[in-house]
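> Take this sequence and fold it.
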Amino acid sequence: MIGDDGAVSLRIVERRPVLAAARYAFNLARKTGKRVTSSSKYTIQREITLGQCLKRSTLDLLREGVRTRDLGGRESTESFTEAVAAEVVRRLDSGDHGRSKSPGGRSDPRSVG
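Numbering: from 1, shown residues only. Prediction:
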């Protein structure tokens, strides 16, 4: 017995997510000049979700022909960045940040990588 006010918690964790969390934490610490004391799985998942959403939004806009002048388009860097930001916000608000658009403009649930 631990005592009247004590408790034991047992958690089983998988190696891959733990390694990913550790790499993220130590890379972030290296970039910011800080030390690692702990890392939240929620924070890491949120960062990964945001990064994936940004990548997919950018690629989908490029597929739709929204491009800067150096890529043969008509957009300025500023207007392209604004378009990507608006698409990221739209996806995060609607909850479809895990999908890229199919060529017809609809979200493609098979596209998660």
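> Which of the residues in stretch 47-58 are classified as buried?
For stretch 47-58, the buried set under the neighbour-count rule, 16 or more other CB atoms under 10 Å, comprises 52, 53, 54, 56, 57, 58. C-betas here are computed from N, CA, C, even on glycine.
> cool, and stretch 53-73?
Buried, per 16+ other CB under 10 Å, within stretch 53-73: 53, 54, 56, 57, 58, 60, 61, 66, 68.
> The third one: which element?
Element membership of residue 56, judged by DSSP states H and E, is helix 41-63.
> distance between that helix and the chain's centre?
Counting by CA atoms, centre = their mean, to the nearest Å, helix 41-63 is centred 4 Å from the centre of its parent chain.
> who are the neighbours in contact with residue 26?
Neighbouring residues of residue 26 by CB atoms under 8 Å, 6 or more residues apart in numbering: residue 36.
> average pLDDT across whatever helix or strand it lives in?
In the assignment (DSSP H and E), residue 26 maps to helix 15-32. Averaged across helix 15-32, the pLDDT comes to 87.
> ok, back up a step: and which of the buried residues of stretch 47-58 is nearest residue 21?
Ranked by distance to residue 21 (CB to CB), those are led by residue 52 at 16.5 Å.
> Assumed residue 80 was part of a helix.
Yes. Checked against DSSP: H, G, I helix; E, B strand; the rest coil, residue 80 lies within a helix.
> Once you drop chain neighbours, what's closest to it?
Using CB to CB, 6 or more residues apart in numbering and skipping the chain neighbours, the partner closest in space to residue 80 is residue 68 (5.0 Å).
> Report how many residues lie close to residue 22.
Residues lying near residue 22 (other CB atoms under 10 Å) number 13.
> Name the spans of the protein whose pLDDT lies under the cut-off.
Applying pLDDT under 70 to the chain flags the ranges 1-3, 7-11, 38-44, 97-113.
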